[in-house]
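> no sequence for this one, just the structure:
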Ligand SMILES: NC(=O)C1=CN([C@@H]2O[C@H](COP(=O)(O)OP(=O)(O)OC[C@H]3O[C@@H](n4cnc5c(N)ncnc54)[C@H](OP(=O)(O)O)[C@@H]3O)[C@@H](O)[C@H]2O)C=CC1
Ligand SMILES: O=C(O)C1=N[C@H](C(=O)O)C[C@H](O)C1
């Protein structure tokens, strides 16, 4: 399987280059990165998707949300399936991806790990039984992460909100002196520091009892391996918008 890797010179990009080199049935034929010359790669690297001359079976994107439209245009023009792992996507970005998925297969998730997707299911299940509990999500990441809250925090919050017919309101951080917490809120809090790979905790706080569900990523390899699996899954799929639930079914 031939892959174009967008964000190939970033932190996740380097992990993917390392892991794909160890696999037999997959190769990177081109990269896209605004920092095209940062590393010596055994494949050509372009600054923009529009400069890319190669044609691959799948594109994997771990770059920056501002690069999405160009990558999507390249995918549509060349009819190449697209795996989007980049976070910080806007509502408009997600609309564009959904629309484009009528013409090409698209896979998008804020977290490529198995564990977080199990946590997301558990949290939704817990929410259906703990309707009156207060729900807060805390996410922790390294100090180089540009978007907050994390894509995973949104993934978890949206999944919990489905259990409430999307009636919950997301509150980001808390500050002030005169407002009590309302039950219709889901609090989302971002911590940034050091080299934390990724930690997500969902707290269900009720009268006199608390449940916490937590996932800790110990290495970026879990995200890269998930993305490779998603690329293999997507290669032979019909047009459509896929996520981890489709792959893990
Ligand atoms: N879904 C998942 O499971 C996971 C998702 N992620 C997400 O993947 C993305 C990348 O993460 P990470 O590797 O840590 O970030 P990095 O910043 O280390 O890497 C991103 C790379 O893309 C480059 N880049 C920035 N803007 C553009 C652009 N417009 N066009 C092309 N390349 C660009 C960056 O260059 P420069 O350094 O100059 O900005 C950098 O080389 C983030 O959105 C992150 O949240 C990360 C881990 C798991
Ligand atoms: O930027 C990261 O590092 C990560 N980003 C993803 C997110 O925003 O949730 C996934 C993972 O937690 C690592």
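Perfect, I can see it now. What you see is a predicted model, and the numbers here were worked out from it, not measured in a lab. Ligands and ions are numbered 1, 2, ... in the order given.
> how about the helices in this protein?
Per DSSP state H, the chain carries helices over the ranges 11-21, 68-78, 91-100, 114-129, 151-162, 221-235, 244-248.
> among these, which is nearest residue 55?
helix 68-78 (5.7 Å; Cβ to Cβ). Any C-beta I mention is one placed from the backbone N, CA and C, and that applies to glycine too.
> let me know whether that closest one sits next to ligand 1.
No. Counting by Cβ under 6 Å from any ligand atom, ligand 1 has no neighbours in helix 68-78; the shortest distance is 7.1 Å.
> these two touch, right, residue 96 and residue 70?
No. With contact defined as Cβ atoms under 8 Å, residue 96 does not count as touching residue 70 (11.7 Å).
> just to revisit the earlier point, possible to save the helices of the chain as JSON lines with distance to residue 168?
JSON lines is the format used below for the helices of the chain (distance: least, Cβ to Cβ, whole Å):
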{"stretch": "helix 11-21", "distance to residue 168": "30"}
{"stretch": "helix 68-78", "distance to residue 168": "27"}
{"stretch": "helix 91-100", "distance to residue 168": "17"}
{"stretch": "helix 114-129", "distance to residue 168": "9"}
{"stretch": "helix 151-162", "distance to residue 168": "5"}
{"stretch": "helix 221-235", "distance to residue 168": "27"}
{"stretch": "helix 244-248", "distance to residue 168": "20"}
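> a markdown table please, covering those helices and showing mean neighbour count and distance to ligand 2.
Compiled in a markdown table, the helices of the chain are given as follows (neighbours: other Cβ atoms under 10 Å; distance: least, Cβ to the nearest ligand atom, whole Å):
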| stretch | mean neighbour count | distance to ligand 2 |
| --- | --- | --- |
| helix 11-21 | 18 | 7 |
| helix 68-78 | 18 | 14 |
| helix 91-100 | 14 | 14 |
| helix 114-129 | 18 | 7 |
| helix 151-162 | 21 | 3 |
| helix 221-235 | 21 | 6 |
| helix 244-248 | 17 | 12 |
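> dump those helices to TSV, plus mean pLDDT.
Compiled in TSV, the helices of the chain are given as follows (pLDDT from 0 to 100):
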stretch	mean pLDDT
helix 11-21	98
helix 68-78	98
helix 91-100	98
helix 114-129	98
helix 151-162	98
helix 221-235	98
helix 244-248	96
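> give the buried residues for stretch 210-223.
213, 215, 217, 220, 222-223 (16 or more other Cβ atoms under 10 Å).
> between the two ends of that stretch, how far is it?
End-to-end span of stretch 210-223 (Cα to Cα, to the nearest Å): 30 Å.
> run the chain-centre distance for it.
Centre-to-centre, stretch 210-223 and its host chain are 14 Å apart (Cα atoms, centre = their mean, to the nearest Å).
> can that stretch be found next to ligand 1?
Yes. Looking at stretch 210-223 against ligand 1 by Cβ under 6 Å from any ligand atom, the contacts come from residue 223.
> now what about that stretch, what contacts it?
11-12, 15, 19, 62, 85, 111-116, 119, 122-123, 126, 130, 133, 197-204 (Cβ atoms under 8 Å, 6 or more residues apart in numbering).
> report pLDDT for residue 249.
At residue 249, the model reports a pLDDT of 86.
> ditto for residue 239
98.
> return the closest of the buried residues of stretch 210-223 with respect to residue 78.
Checking those one by one against residue 78 (Cβ to Cβ), the nearest turns out to be residue 223, at 25.2 Å.
> interface residues of the protein facing ligand 1?
7, 9-13, 32-35, 62-64, 66-67, 85-88, 109-112, 147, 151, 223.
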